[in-house]
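Visitor: Build the 3D model from these lines:
(one chain, ligands or ions: 1)
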Amino acid sequence: MAGEERSVKVKIDNVRKVFNTRNGEMVALNGVSLDIKENEFITVVGPSGCGKSTLLNIIAGLDTPTSGKVFCDGKEVSGTGIERGVVFQQYALFPWLTVKKNVMFGLKLKGIKGKEAEEIAMKYIKMVQLEDFVNHYPKELSGGMKQRVAIARAYAVNPSILLMDEPFGALDAQTRTQLQQELLETWEKERKTCYFITHDVDEAIILGQKVVIMSARPGCVKEIVDIDIPHPRSQETRMEPRFLELKNYIWSKVYQEYLEVRK
Ligand SMILES: Nc1ncnc2c1ncn2[C@@H]1O[C@H](COP(=O)(O)OP(=O)(O)OP(=O)(O)O)[C@@H](O)[C@H]1O
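Guide: Just a heads-up that it's a prediction; the model follows:
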């Protein structure tokens with residue numbers, strides 16, 4: 001199968017993370033191994049506190065594993081890097097820069113300047129439908145618009161992988177659905193490799209090619225579910241029998257882990 005031949009963009013190899021807390025050692029992740037292949041959109045679900053963000057931070061190079069390794073494009077991760085773009089729940093835009101300057105920021109770090117940088121920035125500003133707001137500052141934008149800027153900024157530098165930590169978690173339901181649809185259409189066009197954390201099983205299925213279900217703490221990969229719903233997908237996809245079947249299956253698995261947390 002063609003899917004089997006795709007190269008591995010990120011390899012997570014037996015990662016363990018122990019935090020030293022006031023109450024002693026706390027094992028957040030234990031033996032996490034996962035291959036993220038080129039062009040894959042992976043969504044990650046699991047009960048609160050199972051280590052989803054910890055793992056994302058380790059892939060991003062914002063934190064280090066206690067043992068185990070992460071490789072991106074075959075190179076061991078040892079710090080942050082422009083080849084790993086991150087979008088957080090809180091928009092993390094530079095308040096003193098306009099929309100265009102925010103999107104151009106990463107390009108400067110990559111050595112792309114002037115007209116070329118502006119053209120790339122405008123391409124992604126158009127992609128997120130903010131061309132009428134290029135000279136606005138973040139404080140003049142709604143939450144959904146700010147998150148669009150953050151997504152455009154992450155895409156503009158053309159990273160090997162986009163790491164998204166509940167990027168739509170702070171948005172109202174309508175804006176969230178709209179941004180899901182835009183991200184879906186963008187992925188269908190660009191096929192950018194994504195690792196996307198969510199609490200929302202519907203969101204995980206509509207966006208993901210694979211849903212990674214993590215176990216209760218200490219977090220590890222409990223199961224990987226292939227989302228065999230063809231693209232293009234739309235909001236109507238949520239009504240299809242296969243979607244509902246997958247939703248019931250994944251939801252029950254996550255609920256089992258939630259019950260583990262409560263024990
Ligand atoms: N810097 C830290 N120091 C100590 N403990 C930490 C630290 N960061 C995370 N933890 C703990 O590690 C565990 C995993 O946290 P993490 O934020 O990765 O979980 P999560 O699955 O992303 O949770 P949520 O879904 O609620 O965002 C939690 O028990 C958390 O309290």
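Visitor: shaky segments in the protein?
Guide: 1-5, 91 (pLDDT under 70).
Visitor: do that again at 80, thanks
Guide: 1-5, 91, 261-263 (pLDDT under 80).
Visitor: can you give me the helices in it?
Guide: For the chain, applying DSSP state H gives helices covering 2-5, 52-60, 99-109, 114-127, 143-156, 173-190, 201-207, 241-262.
Visitor: For the chain, which residues are neighbours of the ligand?
Guide: Listed as neighbours of the ligand in the chain under the rule Cβ under 6 Å from any ligand atom: 19, 21, 26, 28, 46, 48-54, 217. (C-beta placed from N, C-alpha, C; glycine too.)
Visitor: Run a quick neighbour tally on the closest residue to the ligand within the stretch 151-263 of the chain.
Guide: Nearest to the ligand in the stretch 151-263 of the chain, going by Cβ to the nearest ligand atom, is residue 217, at a distance of 5.8 Å. Neighbourhood size, residue 217 [other Cβ atoms under 10 Å]: 21.
Visitor: quick one: it and residue 51 touch, right?
Guide: Yes: the pair residue 217 and residue 51 passes the contact test of Cβ atoms under 8 Å, sitting 6.5 Å apart.
Visitor: Find residues that contact each of those two.
Guide: residue 28 (Cβ atoms under 8 Å, 6 or more residues apart in numbering).
Visitor: what sits against the residue lying closest to residue 216 once chain neighbours are set aside?
Guide: Distances taken as Cβ to Cβ, 6 or more residues apart in numbering place residue 260 nearest to residue 216, at 3.9 Å, with adjacent residues excluded. Shown in contact with residue 260 (Cβ under 8 Å, 6+ apart): 47, 215, 216.
Visitor: Need the residues you listed in TSV (columns: neighbour count).
Guide: Output for the contacts of residue 260, formatted as TSV (neighbours: other Cβ atoms under 10 Å):
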residue	neighbour count
47	22
215	21
216	22
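Visitor: With distance to residue 255 as added columns, please give those in JSON lines.
Guide: Compiled in JSON lines, the contacts of residue 260 are given as follows (distance: Cβ to Cβ, whole Å):
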{"residue": "47", "distance to residue 255": "9"}
{"residue": "215", "distance to residue 255": "13"}
{"residue": "216", "distance to residue 255": "11"}
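Visitor: Redo the helices of the chain as JSON lines? Include distance to residue 71.
Guide: What follows is those, written out as JSON lines (distance: least, Cβ to Cβ, whole Å):
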{"stretch": "helix 2-5", "distance to residue 71": "19"}
{"stretch": "helix 52-60", "distance to residue 71": "10"}
{"stretch": "helix 99-109", "distance to residue 71": "22"}
{"stretch": "helix 114-127", "distance to residue 71": "27"}
{"stretch": "helix 143-156", "distance to residue 71": "21"}
{"stretch": "helix 173-190", "distance to residue 71": "23"}
{"stretch": "helix 201-207", "distance to residue 71": "24"}
{"stretch": "helix 241-262", "distance to residue 71": "27"}
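Visitor: Just tell me which of these ends up closest to residue 163.
Guide: helix 52-60 (5.3 Å; Cβ to Cβ).
Visitor: Can you mark which positions in the closest one are buried?
Guide: Neighbour-count burial for helix 52-60 flags 52, 53, 54, 55, 56, 57, 58, 59, 60 (criterion: 16 or more other Cβ atoms under 10 Å).
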